[in-house]
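In: got a predicted model here, sequence first, then my questions.
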Protein chains: 2
Amino acid sequence: MKHLKTKKLSLLITFFTISFTLSAQKDYKLWLQYEPKNNLEITTKYLNSIKGIAMSGNSETLKIALTELNLGLSNMLGNQIPHQTNIEGSNLIIIGNKSSLDASVQETLKSEFEKTNKDGFIIKTISINNKKNIVITGKNDVAVLYGVFSFLRQIQTNKPIENLSIVDSPKIDVRILNHWDNLDRTVERGYAGFSLWNWHKLPDFIDQRYVDYARANASIGINGTVLNNVNANALILTPQYLEKVQALASTFRPYGIKVYLTARFSAPIEIGGLKTADPFDTDVINWWKNKAAEIYAQIPDFGGFVIKANSEGQPGPQNYGRNHVDGANMLADAVAPFGGIVMWRAFVYSEHDADDRAKQAYSEFVPYDGKFKDNVIVQVKNGAIDFQPREPFHPLFGAMPKTNTMMEFQITQEYLGFSTHLVYLPKLYQEVLESDTYRKGSTVAKIIDGSLYNNKITGIAGVANIGNDLNWTGHPFAQANWYGFGRLAWNPYLDSESIADEWLRSTFSNEENFVKPIKEMMIQSREAVVNYMTPLGLHHIMDTGHHYGPGPWVSDLSRPEWNPVYYHKASKDGIGFNRSKTGSNATAQYAPEMAKLFDNPSTCPEKDLLWFHHLSWDYKLKNGHSLWDGIALKYQEGVDQVGSMIATWNKMENFVDPMRFKEIQMLLNIQNKEAKWWRDACLLYFQQFSGKELPSGVEKSTQSLDYFKSLKFPFAPGN
Amino acid sequence: MKHLKTKKLSLLITFFTISFTLSAQKDYKLWLQYEPKNNLEITTKYLNSIKGIAMSGNSETLKIALTELNLGLSNMLGNQIPHQTNIEGSNLIIIGNKSSLDASVQETLKSEFEKTNKDGFIIKTISINNKKNIVITGKNDVAVLYGVFSFLRQIQTNKPIENLSIVDSPKIDVRILNHWDNLDRTVERGYAGFSLWNWHKLPDFIDQRYVDYARANASIGINGTVLNNVNANALILTPQYLEKVQALASTFRPYGIKVYLTARFSAPIEIGGLKTADPFDTDVINWWKNKAAEIYAQIPDFGGFVIKANSEGQPGPQNYGRNHVDGANMLADAVAPFGGIVMWRAFVYSEHDADDRAKQAYSEFVPYDGKFKDNVIVQVKNGAIDFQPREPFHPLFGAMPKTNTMMEFQITQEYLGFSTHLVYLPKLYQEVLESDTYRKGSTVAKIIDGSLYNNKITGIAGVANIGNDLNWTGHPFAQANWYGFGRLAWNPYLDSESIADEWLRSTFSNEENFVKPIKEMMIQSREAVVNYMTPLGLHHIMDTGHHYGPGPWVSDLSRPEWNPVYYHKASKDGIGFNRSKTGSNATAQYAPEMAKLFDNPSTCPEKDLLWFHHLSWDYKLKNGHSLWDGIALKYQEGVDQVGSMIATWNKMENFVDPMRFKEIQMLLNIQNKEAKWWRDACLLYFQQFSGKELPSGVEKSTQSLDYFKSLKFPFAPGN
């Protein structure tokens, strides 16, 4: 009895000790945990194929690749792998770029090299002097680094490495994070603490996080980062700040990551002392040319500018009677001599334009097709409204065949529960990327990767969900959204489920009893959030400003299109935004086949129903329910889905370290609370108009509508 | 040759691997590194005295104590120590509070228990049945936890544990951190990132950092924390926030840490719907009583309120024609039934009072001596001006014998180089604490610990330097200031050098070749910052608002006492603030002996010379130099001291992990750059008035005064 007691105590203590030791570390390490296999059979199998490492080359990038390989292998397999500088022996991992390889090896890999582009890598088991070795190579050193991460991922995910033959090239040129980070380190729409960039301590203090950030991005193929908010401050372009930007650029460079900045269009006035920022003014043109030269003198591989112009109060060419093409091309000319690009955002809508906000970007930009310079990419938000839990794909995709067009996804969960809701976004991205545009019969992915229209530059941007929280992203599962964005940026045809699979194995465990249910939970999570927030095509009914929680009743904001009531249009006669040909005719911005589909409620996908149609509360859904009942049941379904996510997670205690297990458990409980809040607040509000009872199976709110309306969050983050 | 090359490569890799692995962890672990001894002799010696752990009791606090002991011992000594629930055997560590100990053990420790107060602990080697054991005990469980941390510190610092006999009681009741944290997570005067308190995710998400914060504080005896800014927001007192405060209080409770809040005096108006906050108004009185009851219903051990009233724009009793006593006592009555206290800040000065700002707190508060309720403590800033690199002790200390008076130190380096300057503050605290007040012949410490006037409550507050940076404090050495504050709060008679010694050993290494020079460097660092910022009694000449860098020229702020020129009064005829009897007569606020000393430039300590006197540039210093030369040489000396700190640190590479070594190296280089900036900017500015050449040995600035004046830092942190 006494013995038993002591043993229990020891177990308890071991538990606590482990939590302490792991506390900061596991969460911080993202998907690069490199967990020991603790399985002799698996370890032996790997070690049989890895007897040594031979590296040729001496760049910073290759040193990083070698360090990473060493770290990953020694952590996972428990053995320090010996290094050698020649390639004599067998079962070596040979790493180096193409030109550094022996002529015979180059010859062996000839067809593979033909298939790879600049950043693509090759991982291949080949015979050298009749001895099997694994070569990890590419046309440049960064490609080799990508190959090393990919090779390590094989082992992280328990995949065989006996006869490798991987040739993998990124399908998109610019794979970039957009940080909406302000110079005071607040982050617009940031829910993971504050900005990583400690401007005050730069350039002389290089925080270890900058290195770890670059490493994490390189591991998933991201090759660019926009450091500052699209709602830009011109000070970033002053010498005082450029020196700091240079320090970050130097830190990121060996990881293959280029630095970009947002350019405030009025910078020539604010920091240049000019009287105008007119893109046709010679002084302005020269100011930008000189500014570009100044930047490139310090950062020779500077990526270029992102511009949000004439949108939500930002200055732009229209202030001077010019248009987006005039503005974009002027800046493009400034950076072109140095190989820079301009990402010009299409997220525009005007308070002076009474037309459906969903239509304005298309209306404004399509006439410019073919007029932008070659080094301009028009950056189009996913969703013509604004990063909603679900929107039909943006009609601009495919509508500008002569224009470089890039995708802007939001990784930070502005409209999706901040960092307390587990929502696996790659599922959302995939839905958009594989949407058929009916333009030459192609998907959005084929427009983004340039294959449909043969674009000069291709790109994909993700608005980062990264902050200075210990776990980077606020929610441990939000790390999967960063990861998944990177993987889809590399290859927009990947399946989100496979991405979840590799992320889970790299981040938590290879145990099938963990991976299978949790993968299902992740996949389901996106539909859950749509259900409990904005089912059946509802959108933008979040509370105002901060976008935290429900606010379908908000109707007092100065611009009509900032009010939720503008979007749901609930009244006695029904609910939904009529964007069909009988309404705003937004459907006409799609290819005719698509427009026809959307125009008719009976052919319009039900998931988008209220996006395109205003329908009576009695409208019959495909499952026979009335629209009112259907809406209510969807809200309930969302809540139930979160309930089942919790049930699933609670069974995983044995597979996850105590700290992350508990963290995720706490967060799921918050999500559950908030899913119910959404259901109750929205249904009570809409019920005023429908005048109908809740269908059976839908729980009644224990609070009044007035209670929900009274909730205020003056310090909600990211606002 | 080839062999050599490979070996070098491996070393390089080991280096990198280690940096990666350690990256987040070492910095995060503060002084609780529990480094393995890696020395068989030392380890064996310790293990001979530690054969088992026997714990009696089952509280959360004791579980934490046991976990900590287990973690510390297993990490440092490499062995898991077995646990038992009885005390049979030898060389056991017996932990438990007094009442849980065997009667015989209680009897053995009788005289020790008589010497300990509530939070005091005993660590004693005693004989039980002729077998040697170590008992760690105290009158309550938190005292036991303190004892465990103290015991672990013995081992951390390589001290013997064979015949322990430690009885250690805190000399001050309220040992508290003040967080100037706002509800939006910005931190006023915070230089280590942003607030730890993630209000948005509270109460349902308990960040691991909250636990680690409590643990770190408990390890040094801190027993209270004020969660929010003294420039307060009344929302913290609303139910929505109190629920969050409760969650933090519950997390901190097992670590012996009470939660306190700042109370905005106008809260009854702002969140209570009243028309007034007049402390004589019945509704106001009742509102506060009910608010206190509401808080204590949720947090039974709530500590109480801190109030900044009628100071720098904050509301207070004077808005209603009442005084500080009226305000403080009204709040004191509200919390008294629950055992709460009110810390009423004496940091007041008025824009309507033309008198020397240094005099105003004394003038305003001394007449109230004896009028405050027993559960009020008047909280007096160290330094009558404002946390300067050096100020003479505040004249209020000792001047209110019938009033509980507590010390407010600033740990965050508002005026001392933010978190890029290595300044060891316990040296500063010690200087203040051991200052002789000439009140009954006693030091400041004897006033603070209540022994001089036999106070009802004693307290010491430190304005925290803690943020959400991975290393908590921005600068790794700033951790020593948190640590040192805690140690001095426990015992204000400790020597700052011994504190540095134990901190270095616990945080970095026990190697004498490391500890000795780095301890010297720390001790010297405080004088260095005085020298390169404000030598010879100069003060408050920092740039305006953010207080970053020099700004002796600033003269355009709306209130005279916000301008550096107000403080240095440099002109053709000399420099310094005449606070002697021929000037503002601030000296008269000190005891007569002290006043006499200060009044005469030749007896006034030279370190305070220009604090009390306005002297001509030709005034002869004790070393024979003219005042101008003396000032210039001091600035140069400060710069040289930083240079020698760098030289010292650069030799320490073998004793410190690569990441922290590099971090500190980068920070010292910034400090060096900024020390020169201070020297050059101040000397160029003062030279305009002195009209004299720099003495030999003082380096000339390479920049103009206009250049220094042109520097702007709109996003300096903490402002």
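Out: That came in fine, so what should we check first?
In: tell me the helix or strand right after the lengthiest helix in chain A.
Out: Ranked by residue count under DSSP state H, the longest helix found in chain A is helix A:658-690. For helix A:658-690, the following helix or strand on the C-terminal side (DSSP states H and E) is helix A:705-710.
In: now that next one: mean pLDDT?
Out: Computed over helix A:705-710, the mean pLDDT rounds to 98.
In: what's the answer for stretch A:125-140, then?
Out: Averaging pLDDT along stretch A:125-140 yields 96.
In: quick check, distance from that stretch to the centre of its chain.
Out: 34 Å (CA atoms, centre = their mean, to the nearest Å).
In: and for stretch A:67-80?
Out: 29 Å.
In: same question, stretch A:522-534
Out: 17 Å.
In: which parts of it are buried?
Out: A:M522, A:Q524, A:S525, A:R526, A:E527, A:A528, A:V529, A:V530, A:N531, A:Y532, A:M533, A:T534 (16 or more other CB atoms under 10 Å in any protein chain shown). The way it works is simple: take the backbone N, C-alpha and C, and place the C-beta from them, glycine included.
In: ok, the third one to A:Q318 distance?
Out: Using CB to CB, to the nearest Å, we find A:S525 at a distance of 40 Å from A:Q318.
In: same question for the first one.
Out: Summarising the geometry, the distance separating A:M522 from A:Q318, computed by CB to CB, is 43 Å.
In: one step back: and the longest helix of chain A, what does it pack against?
Out: Helix A:658-690 sits against helix A:2-28, helix A:512-533, helix A:627-650, helix A:705-710, with contacts defined as 3 or more CB pairs under 8 Å, 6 or more residues apart in numbering or on different chains; DSSP states H and E.
In: could you give the angle of the third one to helix A:658-690?
Out: In other words, helix A:627-650. Using axes from the mean of the first three to the mean of the last three CA atoms, to 10 degrees, the inter-axis angle of helix A:627-650 relative to helix A:658-690 is 170 degrees.
In: need the helices and strands packed on helix A:658-690 in TSV (columns: distance to B:D629).
Out: TSV is the format used below for those (distance: least, CB to CB, whole Å):
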stretch	distance to B:D629
helix A:2-28	51
helix A:512-533	71
helix A:627-650	71
helix A:705-710	68
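In: before we move on, the earlier item: give me the mean pLDDT for the longest helix of chain A.
Out: The average pLDDT within helix A:658-690 is 98.
In: check which residues of that helix are buried.
Out: Buried residues in helix A:658-690 (16+ other CB under 10 Å): A:659-661, A:663-664, A:666-672, A:674-687, A:689-690.
In: hang on, the earlier thing: which of the helices and strands packed on helix A:658-690 has the lowest average pLDDT?
Out: Averaging pLDDT over each of the helices and strands packed on helix A:658-690 puts helix A:2-28 lowest, since it has a mean of 49.
In: any chance of the helices and strands packed on helix A:658-690 in CSV, plus distance to chain B?
Out: Formatted as CSV, these follow (distance: least, CB to the nearest CB, whole Å):
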stretch, distance to chain B
helix A:2-28, 4
helix A:512-533, 17
helix A:627-650, 13
helix A:705-710, 11
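In: now do the strands in the stretch 451-600 of chain A.
Out: A:459-463 (DSSP state E, counting those that start in this stretch).
In: of all residues in it, which one is closest to chain B?
Out: A:N468 (6.0 Å; CB to the nearest CB).
In: residues near that residue, how many?
Out: Look at A:N468: counted by other CB atoms under 10 Å in any protein chain shown, it has 23 neighbours.
In: do A:G574 as well
Out: Close neighbours of A:G574, defined as other CB under 10 Å, add up to 20.
In: with the one 5 residues further on instead?
Out: The burial metric for A:R579, expressed as a neighbour count using other CB under 10 Å, is 28.
In: any idea how far the spatially closest residue to it that is not a sequence neighbour lies from A:P367?
Out: When the adjacent residues along the chain are set aside, A:R579 lies closest to A:A586, with 3.8 Å between them (CB to CB, 6 or more residues apart in numbering or on different chains). From A:A586 across to A:P367, the span is 17 Å (CB to CB).
In: between the two, which is the more surrounded one?
Out: A:A586 (27 against 13).
In: wait, what's in contact with the more buried one?
Out: A:D356, A:A358, A:K359, A:A384, A:P395, A:R579, A:F612 (CB atoms under 8 Å, 6 or more residues apart in numbering or on different chains).
In: tell me the pLDDT of it.
Out: 98.
In: ok, now A:W617?
Out: At A:W617, pLDDT is 98.
In: so where do the strands sit in the stretch 201-350 of chain A?
Out: Under DSSP E, counting those that start in this stretch, the stretch 201-350 of chain A gives strands at A:224-226, A:258-262, A:304-307, A:341-345.
In: out of those, flag the one nearest chain B.
Out: With CB to the nearest CB as the criterion, chain B lies closest to strand A:258-262 of the strands of the stretch 201-350 of chain A, at 15.8 Å.
In: what separation do you get for A:N129 and A:S104?
Out: 9 Å.
In: the worst-scoring helix or strand of chain A on mean pLDDT: what's the following helix or strand?
Out: Lowest by mean pLDDT, DSSP states H and E among the helices and strands of chain A is helix A:2-28, with a mean of 49. Next along the chain after helix A:2-28, taking DSSP H and E as the criterion, comes helix A:40-49.
In: contact residues of the stretch 101-250 of chain A facing chain B?
Out: For the stretch 101-250 of chain A, the residues in contact with chain B (CB under 8 Å from any CB of the partner chain) are A:183-186, A:191, A:193-194, A:198-201, A:204-206, A:208-209, A:212, A:235.
In: from the residues you listed, which ones fall inside helices?
Out: Filtering those for helices - DSSP H - leaves A:Q208, A:R209, A:D212.
In: quick one, what contacts the closest residue to the second one other than its chain neighbours?
Out: Which is A:R209. Closest residue to A:R209 apart from its sequence neighbours, by CB to CB, 6+ apart: A:L196 at 5.6 Å. Neighbour list for A:L196: A:H179, A:D181, A:D207, A:R209, A:Y210, A:Y213, A:I466, A:G467, A:N468 [criterion: CB under 8 Å, 6+ apart].
In: repeat that for A:K440.
Out: Here A:K440 is in contact with A:G398, A:L452 (CB under 8 Å, 6+ apart).
In: go on, A:C682?
Out: A:C682 neighbours (CB under 8 Å, 6+ apart): A:I541, A:P550, A:P552, A:Y635.
In: the third one: neighbour count?
Out: What it means is A:P552. Neighbours of A:P552 (other CB under 10 Å): 27.
In: over to the one 5 residues further on?
Out: Neighbours of A:L557 under the rule other CB under 10 Å: 14.
In: under the pLDDT cut-off, which ranges of chain A? List them.
Out: Along chain A, segments meeting pLDDT under 70 span A:1-24.
In: let's see 80
Out: A:1-24, A:351 (pLDDT under 80).
In: A:E408 belongs to a helix?
Out: No. Counting by DSSP: H, G, I helix; E, B strand; the rest coil, A:E408 is not part of a helix but strand.
In: verify the contact between it and A:A384 for me.
Out: No. Using CB atoms under 8 Å, A:E408 is not in contact with A:A384, being 11.9 Å away.
In: spit out the contact partners of the closest residue to A:E527 other than its chain neighbours.
Out: Leaving out its chain neighbours, the residue that sits closest to A:E527 by CB to CB, 6+ apart is A:Q641, at 7.1 Å. Taking CB under 8 Å, 6+ apart, we find A:Q641 in contact with A:Q524, A:S525, A:E527, A:A528, A:N531, A:Y532.
In: for the residues you listed, which one is nearest A:L66?
Out: A:S525 (37.8 Å; CB to CB).
In: name the nearest residue to A:E60, sequence neighbours excluded.
Out: Going by CB to CB, 6+ apart, A:E60 has A:P254 as its nearest residue, at 3.7 Å.
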